[in-house]
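**Q** Output the structure for:
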Amino acid sequence: MNEITQVNLGRQAFTIAIDAQKLLRDYLNAVKKHSGGSEEVVEEVENRMAELLIERGVSGSKVVLVKDVEYLRTQLGEPGDFDDDSEDAASVEDDSSVRKLFRDTDNAMIAGVAAGLANYLSVDTVIVRLIFIALTFFGGSGILLYIILWLLVPEAKTNSQRLQMRGLAVNVDNIKEALAGADVSGATRRVSSVVGKVITSIAGVTLRITGLLFVIVGVTMVIGGAVLTIYGLVRGAGVAGIPIFPVGKEEVMVLVCGFIILALISSLLAMTGIALVRRKLSVPGWAIAAVIGVFIVAASVGVGLGFDVAPSIKARYDGLHHTRAYSVQPISRVHILGNNASYVIARGDTPQVRVNTLGGTDAQAIKVTEQNGVLTIDTADFRAPTNCSFVCPYGAMAAEIVVYAPNLDAITVDAPRDTALGLSNNGVGYEITDAAGGATSVATPVPPTPPIPASEPR
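**A** Numbers count the residues shown, from 1 in each chain. I've put the predicted structure just below:
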């Protein structure tokens, strides 16, 4: 029967046999003596002992036995075993060393991902950072990869983990050397060559500029998205007082999901930008993981509902377009009266007039007559909708009138100069007379344009 007691190793409580406790105490005293009485070395050794015992499955109600202490001594080495630069010492270190991937926050510019990878791959940290920067300009894959590694790779918090990150054996002498160099700042341990320092400085400036741009873009996106979403929910998008979107709960959910997606993308951009500028982790990994999770859910719901409601939105918009076509006799002159309409004059084999309107406008208020080769278009009684406020997503509500005339010589426009009148014929001048009787100019024939067959009003 073994007597047992309690000991603390690295703030971790263990139950240990009395004989094992004596062996452990003697070992720690030897470590302390070998390290010149350094309490920090002893503390790091105790931390590593706790890690090894937990990995060995000795925790909770299990008792640390003499064989467990012998295992710890085998893993950590006897103090002084590695004082000499002998081949045996090197072989022992090589056999016990296991390189592991950690984030190297001591030499970090943001979260230590690049520095940790450089240690794991035994390459220069600058090379890894430049690879991340280069990948950023290819669809942002560098940022996505960095965030994923940021979430998955643990930080090297203890000296034991730092040694494992560098592929060094976690023994007494290496722990002692790690602590001896712990007061050296991370900056002094970075690339010492002149070229390396220049590249690091350029990379640092690039990261700060990129980070600032990310923050600006992210903030702008979330503000713009909030404004558009609130306006869409309050006023919606409509034509001539007829609502187009959103109509119904599903379309409202699509709008909300769209804002959530935009807000999450903006937040990730802003957080990444802040981290790039400060070179410091400002958001815990679990928060970033939560943002990505919500983004996936919102994107799935929004895309699914979007495919469902898109046909009805298109049908409502298409239903607001109305066209009336008029066949006329050959004409040589066009006389335009009134305003609230834009005109397109085109050469065509078949004389024709098409009146295109959008929304609840009365196209019949536009009078089209032809007499003695003169086509008269009167829009004086036509009233375009005026209830579009702030955002007009479908453009002007005025009518568009297309005139096809193969033998057109001139056009007379009789309308006030301050009216909303648009006239287009590829830059050719027209005979224009204002309401008060002003100067005129004569039009030349316009280039030929294929005619549009007449159709019934819809």
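
**Q** The closest residue in space to residue 127 that isn't next to it in sequence: neighbouring residues, count only.
**A** Take residue 127 and drop its neighbours on the chain: the residue closest to it by C-beta to C-beta, 6 or more residues apart in numbering is residue 118, 7.3 Å away. C-betas here are computed from N, CA, C, even on glycine. Using other C-beta atoms under 10 Å, residue 118 has 18 neighbouring residues.

**Q** Following element in sequence after the helix or strand where residue 118 lies, please.
**A** Using DSSP states H and E, residue 118 sits within helix 113-121. Per DSSP H and E, the first helix or strand lying C-terminal to helix 113-121 is helix 125-136.

**Q** For that following helix, name the packing helices and strands.
**A** helix 113-121, helix 141-152, helix 194-234 (3 or more C-beta pairs under 8 Å, 6 or more residues apart in numbering; DSSP states H and E).

**Q** most tightly surrounded among the ones you listed?
**A** Neighbour counts (mean count of other C-beta atoms under 10 Å) averaged over each of the helices and strands packed on helix 125-136 peak at helix 113-121, with a mean of 22.

**Q** distance between it and the chain's centre?
**A** Relative to the centre of its chain, helix 113-121 is centred 25 Å away, using C-alpha atoms, centre = their mean, to the nearest Å.

**Q** Also stretch 366-380?
**A** Stretch 366-380 sits 56 Å away from the centroid of its parent chain (C-alpha atoms, centre = their mean).

**Q** Now it: average pLDDT?
**A** Throughout stretch 366-380, pLDDT has a mean value of 88.

**Q** tell me which residues of that stretch are tucked away?
**A** 366, 368, 370, 375, 376, 377, 378, 379 (16 or more other C-beta atoms under 10 Å).

**Q** ok and the helix holding residue 118 relative to helix 125-136, angle-wise?
**A** For helix 113-121 against helix 125-136, the angle by axes from the mean of the first three to the mean of the last three C-alpha atoms, to 10 degrees is 120 degrees.

**Q** residues in contact with the nearest residue to residue 15 once chain neighbours are set aside?
**A** Spatially, and ignoring its direct neighbours in sequence, residue 15 is nearest to residue 63 (5.0 Å; C-beta to C-beta, 6+ apart). Taking C-beta atoms under 8 Å, 6 or more residues apart in numbering as the contact definition, residue 63 lies against 2, 4, 15, 16, 17.

**Q** Looking at residue 63 now. What's its pLDDT?
**A** We have a pLDDT of 84 for residue 63.

**Q** That one and residue 117, how far apart?
**A** Separation of residue 63 from residue 117 (C-beta to C-beta, to the nearest Å): 40 Å.

**Q** Tell me which helix or strand the most centrally placed residue in the chain sits in.
**A** Against the mean C-alpha coordinate of the chain, by C-alpha atoms, centre = their mean, the closest residue is residue 265 at 4.3 Å. Counting by DSSP H and E, the element that carries residue 265 is helix 249-278.

**Q** Following the chain past that helix, name the next helix or strand.
**A** Remark: after helix 249-278, the chain's next helix or strand is helix 285-318, criterion DSSP H and E.

**Q** still on that earlier bit, restricting to C-alpha, output the helix holding residue 118 in PDB.
**A** Extracted in PDB, the C-alpha atoms of helix 113-121 (Å, rounded to 0.1, in the frame of the first residue of the first chain):
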ATOM      1  CA  VAL A 113       0.200  32.900 -38.200                       C
ATOM      2  CA  ALA A 114       2.900  33.700 -40.700                       C
ATOM      3  CA  ALA A 115       5.600  33.600 -38.000                       C
ATOM      4  CA  GLY A 116       4.300  30.200 -36.800                       C
ATOM      5  CA  LEU A 117       4.200  28.800 -40.300                       C
ATOM      6  CA  ALA A 118       7.800  30.000 -40.900                       C
ATOM      7  CA  ASN A 119       9.000  28.200 -37.800                       C
ATOM      8  CA  TYR A 120       7.100  25.100 -38.800                       C
ATOM      9  CA  LEU A 121       8.400  25.100 -42.400                       C
END
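
**Q** ok so, going back, export the helices and strands packed on helix 125-136 to JSON lines and append columns for mean pLDDT and distance to residue 100.
**A** Listed next are the helices and strands packed on helix 125-136 as JSON lines, based on pLDDT from 0 to 100; distance: least, C-beta to C-beta, whole Å:
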{"stretch": "helix 113-121", "mean pLDDT": "88", "distance to residue 100": "8"}
{"stretch": "helix 141-152", "mean pLDDT": "78", "distance to residue 100": "13"}
{"stretch": "helix 194-234", "mean pLDDT": "81", "distance to residue 100": "25"}
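
**Q** By mean pLDDT, point me to the weakest helix or strand of this structure.
**A** When the helices and strands of the chain are scored by mean pLDDT, DSSP states H and E, helix 87-96 comes last with a mean of 42.

**Q** which non-adjacent residue is nearest residue 380?
**A** Nearest non-adjacent residue to residue 380 (C-beta to C-beta, 6+ apart): residue 338, at 3.8 Å.

**Q** How many residues are close by that neighbour?
**A** By other C-beta under 10 Å, 19 other residues sit near residue 338.

**Q** State the distance from it to residue 371.
**A** Applying C-beta to C-beta, the value for residue 338 to residue 371 is 18 Å.

**Q** same check, this time on residue 270
**A** 67 Å.

**Q** Same question for residue 315.
**A** Taken as C-beta to C-beta, the span from residue 315 to residue 371 is 41 Å.

**Q** same thing with residue 166?
**A** The gap separating residue 166 from residue 371 is 96 Å, by C-beta to C-beta.

**Q** hmm, back to that, of all pairs in the buried residues of stretch 366-380, which one is the farthest apart?
**A** Pairwise distances across the buried residues of stretch 366-380 peak at 15.9 Å for 370 and 379 (criterion: C-beta to C-beta).

**Q** Just the pLDDT at residue 264, thanks.
**A** Listed pLDDT for residue 264 reads 90.

**Q** so how many other residues sit close to it?
**A** By the criterion of other C-beta under 10 Å, residue 264 has 20 neighbours.

**Q** quick revisit: I would like the residues contacting the helix holding residue 118, please.
**A** Contacts of helix 113-121 (C-beta under 8 Å, 6+ apart): 99-109, 124-125, 127-129, 132, 146, 149-150, 153, 156, 165-167.

**Q** Just the buried residues from those residues, in ChimeraX please.
**A** Remark: buried members of the contacts of helix 113-121, expressed as a ChimeraX selection using 16+ other C-beta under 10 Å:
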select :100,101,102,103,104,105,106,107,108,109,125,128,129,132,146,149,150,153,156,165,166
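
**Q** For residue 209, give me its contacts.
**A** Contacts for residue 209 (C-beta under 8 Å, 6+ apart) come out as none.

**Q** if I look at it, how far off is residue 162?
**A** Residue 209 is 31 Å from residue 162, by C-beta to C-beta.

**Q** Then residue 73?
**A** Residue 73 is 22 Å from residue 162, where distance means C-beta to C-beta.

**Q** Can you pull out the low-pLDDT segments for the stretch 301-450 of the chain?
**A** 348, 359-362, 384-398, 415-450 (pLDDT under 70).
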